[in-house]
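Student: sequence and predicted structure, then a few things I'm wondering about:
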Amino acid sequence: MTLQNEHEVREMLKGIEQIEEEVRNAQNSTDPQQVEKAQNGIKELQSLVADAQGKATKGNDQSNVQLFEAQQQLEQYQQQMERTQRNLSAQNDQVQ
């Protein structure tokens with residue numbers, strides 16, 4: 001995704017909102033596949049944000065700030081999914 005305008009930044013932020021819902025659903029689920037799906041979505045968006053940051057113009061501070069905040073948010077989601085995955089593993093260990 002080439003960062004060409006504000007529209008693309010908004011689309012990326014919309015994707016982050018969607019992944020937020022997936023993260024919430026995965027946290028409430030006991031399905032490891034749902035957790036993995038959310039993690040894959042996070043990784044994909046992280047890659048898009050990193051690419052966009054590399055292509056963002058230096059003069060567009062607002063886009064840079066939005067991309068930085070998006071990156072921070074995705075890192076938080078990734079940490080939440082890692083905790084969820086550890087909790088599911090611990091629950092499975094206790095059952096066995």
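Tutor: Received it, and whenever you're ready, just let me know what you need. Keep in mind that this is a model prediction, so the values were computed, not measured.
Student: next up, the contacts around the most centrally placed residue in the chain.
Tutor: Geometric centre of the chain, nearest residue: residue 42, 3.1 Å, by Cα atoms, centre = their mean. Counting by Cβ atoms under 8 Å, 6 or more residues apart in numbering, residue 42 makes contact with 19, 23, 74, 77-78, 81. Bear in mind the C-beta positions are built from the backbone N, C-alpha and C, glycine included.
Student: can you flag the buried ones in these?
Tutor: Neighbour counting by 16 or more other Cβ atoms under 10 Å classes 19, 23, 74, 77-78, 81 among the contacts of residue 42 as buried.
Student: out of those, who's nearest residue 53?
Tutor: The nearest member of these to residue 53, counting by Cβ to Cβ, is residue 74 at 11.9 Å.
Student: ramachandran angles for the residue nearest to that closest one when sequence neighbours are not counted?
Tutor: Among residues not flanking residue 74 along the chain, residue 46 sits closest, at 5.0 Å (Cβ to Cβ, 6 or more residues apart in numbering). Dihedral pair for residue 46: phi -60, psi -40, per degrees, to the nearest 10.
Student: wait, residue 46 sits on residue 78?
Tutor: Yes - Residue 46 is within contact range of residue 78, at 7.5 Å (criterion: Cβ atoms under 8 Å).
Student: which one of the buried ones among the contacts of residue 42 is nearest residue 30?
Tutor: Out of the buried ones among the contacts of residue 42, the member with the shortest distance to residue 30 (by Cβ to Cβ) is residue 81, at 14.0 Å.
Student: in the host helix or strand of residue 7, which residues are buried?
Tutor: Element membership for residue 7, per DSSP states H and E: helix 6-28. Residues of helix 6-28 classed as buried: 8-9, 12-13, 15-16, 19-20, 22-23, 26-27 (neighbour count, 16+ other Cβ under 10 Å).
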